[in-house]
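*Asks:* I need the structure of the sequence given here:
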Amino acid sequence: QLRLAESGGGSVQPGGSLRLSCAASGFRLDYYAVAWVRQAPGKEREGISCIRFADGDIYYADSVKGRFTVSRDRANDMVFLQMNSLKYEDTATYYCAAGDVDRYCDAYPRSTYTWGQGTQVTVAP
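*Replies:* Okay, the predicted model is just below:
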């Protein structure tokens, strides 16, 4: 069974940093693309980044470009989201999600095969 689990959320002041982790179990991420998707209260889900795990191609939404960085650990099937210069508007539940290796990064968060349970990020004074 395909499973993803996020960790690393928390509360941080504006301008601060957090690092989220996404661990896969039951499958090898080399066969998938992995996205970070967030959802703020009352808003639609927003895809913020996608990585094709095997070759490392990464895509970022304009809202996070230059502030957030995605990386991966191929040996341990993990993906990380380093979030710097956090803003109030980054407050949301953050999910990692996996999809087809060739098509997912063009479509996410649509066409998601599996989601993690989410981790809360709160940016507050």
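*Asks:* spatially central residue for this protein, please.
*Replies:* For the chain, W36 is the residue whose C-alpha lies nearest the centre (C-alpha atoms, centre = their mean; 2.1 Å).
*Asks:* packing partners of the lowest-mean-pLDDT helix or strand in the chain?
*Replies:* Here the helix or strand of the chain ranked lowest by mean pLDDT, DSSP states H and E is helix 104-107, holding a mean of 91. If you count contacts as 3 or more C-beta pairs under 8 Å, 6 or more residues apart in numbering; DSSP states H and E, helix 104-107 packs onto strand 32-39, strand 46-52. Placement of C-beta: from N, CA and C, glycine included.
*Asks:* so of these, which one's packed in deepest?
*Replies:* strand 32-39 (a mean of 24; mean count of other C-beta atoms under 10 Å).
*Asks:* which outside residues touch that one?
*Replies:* Residues external to strand 32-39 that are found in contact with it (C-beta atoms under 8 Å, 6 or more residues apart in numbering): 4, 20, 22, 24, 45-53, 68, 70, 72, 79, 81, 90, 92-102, 104-105, 108-109, 112-113, 118, 121.
*Asks:* show me the contacts for T119.
*Replies:* Contacts of T119 by C-beta under 8 Å, 6+ apart are E6, S7, G8, G9, L20, T93, Y94, Y95.
*Asks:* can I get those in JSON lines with neighbour count, distance to V64 and secondary structure?
*Replies:* Listed next are these as JSON lines, based on neighbours: other C-beta atoms under 10 Å; distance: C-beta to C-beta, whole Å; DSSP: H, G, I helix; E, B strand; the rest coil:
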{"residue": "E6", "neighbour count": "23", "distance to V64": "16", "secondary structure": "strand"}
{"residue": "S7", "neighbour count": "13", "distance to V64": "19", "secondary structure": "strand"}
{"residue": "G8", "neighbour count": "16", "distance to V64": "16", "secondary structure": "coil"}
{"residue": "G9", "neighbour count": "19", "distance to V64": "16", "secondary structure": "coil"}
{"residue": "L20", "neighbour count": "23", "distance to V64": "12", "secondary structure": "strand"}
{"residue": "T93", "neighbour count": "18", "distance to V64": "15", "secondary structure": "strand"}
{"residue": "Y94", "neighbour count": "23", "distance to V64": "11", "secondary structure": "strand"}
{"residue": "Y95", "neighbour count": "23", "distance to V64": "14", "secondary structure": "strand"}
